[in-house]
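[1] below is the structure, and that's it, no one-letter string:
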């Protein structure tokens, strides 16, 4: 039997396009979660340095002036800001899963950095496929980003936003015996009432179904659009109609889909905190394990390529190792490379 612990889902706005100030705010939230005895905190999608809502509000040519500033404020691995977050995780004895715009040699990725309670990096993953207009800003991940890690809390995985609406993404994660899932969402405040697929009803339902389908706990962080962000993005009356303040719907769900913790009003900032008891997963698994006793591999199977796919490989292909200055993902083990 495992011991229960507390987890926190962040519902807050970043200091948009100000990496240092957003890291300051993130550390305050980590400390707040620690004061409530949380052992895991999950942050929204691209919380650092904020989600670039201008991509939904205008033509690509119109937001090009924002690109240099956004790239400059995106997080670089092993940078001073990265180390500050690692230190905050260690100082507060907490797992921190941070949503970032990840700058790798000028290409941006929608990332989730998992810092362990010892301050060491457990994983740096990339969103497998940016959604819709996000592809005008961010690059793609590969199969090595679809991974679940053993930790002292349990088996932890993470996905961003509409990765939760991709059936094969989900099945790949479920197949790795995921117990605790970190879901990162950017806010549900754009095209309010006119595009239900972007709204809270569909996306909160997707989070909840992930918990039920995978028989896992889901800690779903969701950002808030602040007054300052509305002012930054909405320089015309049309844009003011498209992007609204608020949109925060942080949630925590149990493996049976039960809501956990006290939710916050959509325009408020704070933490949703709940107790996670992994022993409850056994009840969900007894009813329906989609990758176990409830599967039909004689009828359906998923082909899953977990190997890294770097753009440049060493000529000798030693251990399928990517050139470290080019690709951020660790190489596959030699045994896998030889297959």
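    Structure's in. What do you need? Note that the structure is a prediction, hence the values are computed from the model and not measured.
[2] got the residue ranges for the helices in the protein?
    For the chain, the helices defined by DSSP state H occupy 19-35, 67-72, 80-91, 167-174, 200-214, 227-233, 237-242, 281-287, 334-337.
[3] what's the closest of those to residue 151?
    helix 80-91 (12.2 Å; CB to CB). Where C-beta positions appear, they are placed from N, C-alpha and C, glycine not excepted.
[4] so how far is the first residue of stretch 276-293 from its last?
    Stretch 276-293 has an end-to-end distance of 24 Å (CA to CA, to the nearest Å).
[5] and if you look at stretch 285-302?
    End to end - CA to CA - stretch 285-302 spans 20 Å.
[6] who's in contact with that stretch?
    Contacts to stretch 285-302, defined as CB atoms under 8 Å, 6 or more residues apart in numbering, come from residues 168, 171, 172, 174, 175, 213, 214, 215, 255.
[7] dump the residue contacts of residue 277.
    Taking CB under 8 Å, 6+ apart, one finds 2, 4 in contact with residue 277.
[8] again, only using 10 Å
    Shown in contact with residue 277 (CB atoms under 10 Å, 6 or more residues apart in numbering): 1, 2, 3, 4, 5, 217, 254, 255, 260.
[9] closest one of those residues to residue 124?
    residue 217 (22.3 Å).
[10] how many residues are close by residue 192?
    If you count neighbours by other CB atoms under 10 Å, residue 192 ends up with 16.
[11] also residue 122?
    Residue 122: 18 surrounding residues under other CB under 10 Å.
[12] am I right that it is in contact with residue 114?
    Yes - the criterion here is CB atoms under 10 Å, and residue 122 meets it with residue 114 at 4.2 Å.
[13] overlap in contacts, these two.
    Both residue 122 and residue 114 are contacted by 89, 95, 96, 97, 149, 151, 156, under the criterion CB under 10 Å, 6+ apart.
[14] of those residues, which belong to strands?
    Of the shared contacts of residue 122 and residue 114, the ones assigned to strands by DSSP state E are 95, 96, 97, 149, 156.
[15] grab the nearest non-local neighbour of the third one.
    Yep, that's residue 97 we're talking about. Distance criterion CB to CB, 6 or more residues apart in numbering; nearest residue to residue 97, sequence neighbours excluded, is residue 182 at 4.3 Å.
[16] ok, the first one next?
    Among residues not flanking residue 95 along the chain, residue 40 sits closest, at 4.4 Å (CB to CB, 6+ apart).
[17] hey, what's that neighbour bridged with?
    Going by DSSP bridges, residue 40 is paired in beta bridges with residue 7, residue 95.
[18] list the contacts of it.
    Residue 40 neighbours (CB under 10 Å, 6+ apart): 5-9, 33, 94-97, 114, 117, 151, 153-154, 156, 180, 182, 217, 219, 276.
[19] selection in ChimeraX covering whichever of these are buried, please.
    To isolate the buried ones among the contacts of residue 40 in ChimeraX, judged by 16 or more other CB atoms under 10 Å, type:
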select :5,6,7,8,9,33,94,95,96,97,114,117,151,153,154,156,180,182,217,219,276
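[20] is residue 123 in contact with residue 98, as I believe?
    No - Residue 123 lies out of contact with residue 98 (CB under 10 Å); the separation is 11.2 Å.
[21] overlap of the contact sets of these two?
    Common neighbours of residue 123 and residue 98, using CB under 10 Å, 6+ apart, are 111, 112, 113, 114, 115.
[22] ok, and the most crowded of those residues?
    residue 111 (30 neighbours).
[23] give the contact list for that one.
    45-46, 48, 74-75, 77, 98-104, 123-127, 138, 141, 145, 158, 160, 184, 328.
[24] which among the residues you listed count as buried?
    By 16+ other CB under 10 Å, these give 45-46, 48, 74-75, 98-104, 123-127, 138, 141, 145, 158, 160, 184, 328 as buried.
[25] now do stretch 14-29: distance to the chain's middle.
    The chain centroid and the centroid of stretch 14-29 are separated by 17 Å under CA atoms, centre = their mean, to the nearest Å.
[26] check which residues of that stretch are buried.
    14, 15, 16, 17, 18, 19, 22, 23, 25, 26, 27, 29.
[27] residue 225: which of those is nearest?
    Using CB to CB, the buried residues of stretch 14-29 come closest to residue 225 at residue 16, 9.2 Å.
[28] just to check, the closest one is in contact with residue 186?
    No - taking contacts as CB under 10 Å, residue 16 lies outside contact range of residue 186: 11.8 Å.
[29] need the overlap of contacts for these two.
    With CB under 10 Å, 6+ apart, residue 16 and residue 186 have common neighbours 50, 51, 52, 53, 225.
[30] circling back: could the contacts of stretch 285-302 go into CSV alongside pLDDT and neighbour count?
    Output for those, formatted as CSV (pLDDT from 0 to 100; neighbours: other CB atoms under 10 Å):
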residue, pLDDT, neighbour count
168, 97, 12
171, 98, 18
172, 98, 24
174, 98, 23
175, 97, 17
213, 97, 18
214, 97, 27
215, 97, 28
255, 97, 24
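[31] just these now: which is nearest residue 316?
    Of the contacts of stretch 285-302, the one sitting nearest to residue 316 (CB to CB) turns out to be residue 172, at 30.3 Å.
[32] and that closest one, what does it touch?
    Residue 172 neighbours (CB under 10 Å, 6+ apart): 128, 143, 146-148, 157, 159, 166, 178, 291, 302-306.
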